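Q: 3D, please:
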Amino acid sequence: MARAALVTGTVLSLAVTSAWAWSADLTQGPAAPLHLGRNLVSDYAQLADAPAGNGRALFAVVAAIHAACLLVASWRRQRRGGA
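A: Next up is the predicted model:
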């Protein structure tokens with residue numbers, strides 16, 4: 001149950017992230033080049049911000065997608081009378 005929900009969440013998250021990055025690229029132009037290797041926290045923040053320019057919003061959207069998939073999977077399991 002949980003595995004299928006997580007796989008579904010991952011696929012939906014990839015689709016949303018790529019659509020978001022594509023639309024951001026159309027409106028804002030190409031992203032600035034990444035300069036990695038200096039600071040681990042800064043590098044992670046740059047990578048998280050890269051698809052859409054806002055890493056916190058991207059994290060919130062991905063978390064909401066996964067939470068919704070897990071909620072639907074548990075709801076379906078309970079309706080079927082699963083353990």
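Q: could you use CA atoms for every contact and neighbour count after this?
A: Noted.
Q: which secondary structure elements does the helix-or-strand element of the chain with minimal mean pLDDT contact?
A: None of the helices or strands of the chain scores lower by mean pLDDT, DSSP states H and E than helix 40-49, at a mean of 73. Here helix 40-49 touches helix 55-79, going by 3 or more Cα pairs under 8 Å, 6 or more residues apart in numbering; DSSP states H and E.
Q: so which elements touch the helix it packs on?
A: Against helix 55-79 (3+ Cα pairs under 8 Å, 6+ apart) you get helix 2-28, helix 40-49.
Q: now the shortest one, how far from the chain's geometric center?
A: Spelled out, that is helix 40-49. With Cα atoms, centre = their mean, to the nearest Å as the basis, helix 40-49 stands 15 Å off its chain's centre.
Q: least reliable of the helices and strands packed on helix 55-79 going by mean pLDDT?
A: Here the helices and strands packed on helix 55-79 differ in mean pLDDT, and the lowest is helix 40-49 at a mean of 73.
Q: that helix to helix 55-79, inter-axis angle?
A: Here helix 40-49 points in a direction 70 degrees away from that of helix 55-79 (axes from the mean of the first three to the mean of the last three Cα atoms, to 10 degrees).
Q: ok, residues contacting stretch 58-72?
A: Residues from elsewhere that reach stretch 58-72 (Cα atoms under 8 Å, 6 or more residues apart in numbering): 2, 5-6, 8-10, 12-13, 17, 48-49, 52.
Q: what's the burial count for Ala68?
A: Neighbour count for Ala68, taken as other Cα atoms under 10 Å: 14.
Q: tell me, what residue is most central in this protein?
A: Among the residues of the chain, the one closest to the centroid is Val62, at 3.3 Å (Cα atoms, centre = their mean).
Q: that one and Arg77, how far apart?
A: Noted for Val62: a distance of 23 Å to Arg77, by Cα to Cα, to the nearest Å.
Q: returning to that earlier point: turn the helices and strands packed on helix 55-79 into TSV, including distance to Leu70.
A: Converted to TSV, those look like this (distance: least, Cα to Cα, whole Å):
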stretch	distance to Leu70
helix 2-28	5
helix 40-49	23
